[in-house]
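In: I'd like to go over a predicted model; first the sequence, then the structure.
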Amino acid sequence: MSTNETPSFDELDPVESTPETSGSDWINPETGEKFVGEITGFNPGAGGEGNAGVVEIEGRPYSLNWSQRDDLIASLVVGSTMGIHKLDEEESFTDDDTGEEVVYNPTEVRFA
């Protein structure tokens with residue numbers, strides 16, 4: 001496959017999200033200090049309304065400001081490849097408001 005071709009859905013790797021298991025050793029660098037590592041989690045809702053969320057690097061949490069959050073999302077999302085597959089199987093649930101059964105086909109997403 002050429003680097004300019006978009007891969008097919010089946011060529012993309014399935015992704016399993018893992019539950020947030022934040023450590024208590026928050027990343028809080030001193031002036032001039034640097035910290036680099038693999039992103040191991042992202043919780044955009046951490047900290048409640050008005051907060052930009054928390055990213056985990058090597059299992060250690062770091063509280064984001066809004067511009068850092070925007071940069072994180074842009075670097076991880078913009079330019080990436082995402083595949084969506086609507087599955088043949090059906091699932092259902094009961095709507096709490098109407099009491100009616102809702103039948104739908106779930107979707108699977110993959111990323112490169």
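Out: Received, thanks.

In: please parse the protein into its domains.
Out: 7-79, 81-111 (the TED database).

In: poorly predicted segments of the protein, please.
Out: Residues of the chain meeting the criterion pLDDT under 70: 1-4, 16-24.

In: could you say which helix or strand contains the residue nearest the centre of it?
Out: Centre of the chain computed as the mean C-alpha position; nearest residue by C-alpha atoms, centre = their mean is residue 42, 6.4 Å away. When elements are assigned from DSSP states H and E, residue 42 belongs to strand 39-43.

In: could you dump that strand to PDB, C-alpha only?
Out: What follows is the C-alpha trace of strand 39-43 in PDB, where atoms were taken according to Å, rounded to 0.1, in the frame of the first residue of the first chain:
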ATOM      1  CA  ILE A  39       0.100   8.800  26.300                       C
ATOM      2  CA  THR A  40      -1.600   6.100  28.300                       C
ATOM      3  CA  GLY A  41      -5.000   7.800  28.900                       C
ATOM      4  CA  PHE A  42      -7.100  10.900  28.200                       C
ATOM      5  CA  ASN A  43     -10.100  11.900  30.200                       C
END
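
In: give me the sheet partners of the next helix or strand after that strand and which way each runs.
Out: On the C-terminal side of strand 39-43, the closest following helix or strand by DSSP H and E is strand 54-57. Partner strands for strand 54-57, per DSSP bridges, with pairing direction: strand 39-43 (antiparallel), strand 60-63 (antiparallel).

In: can you give me the helices for this structure?
Out: Using DSSP state H, the helices assigned to the chain run over residues 66-77.

In: so who does residue 15 touch?
Out: Under the criterion of C-beta atoms under 8 Å, 6 or more residues apart in numbering, the contact list for residue 15 reads 109, 110, 111. Yep, even glycine has a C-beta here, placed from its N, CA and C like the rest.

In: format these as CSV; extra columns: neighbour count.
Out: Converted to CSV, the contacts of residue 15 look like this (neighbours: other C-beta atoms under 10 Å):
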residue, neighbour count
109, 12
110, 17
111, 13
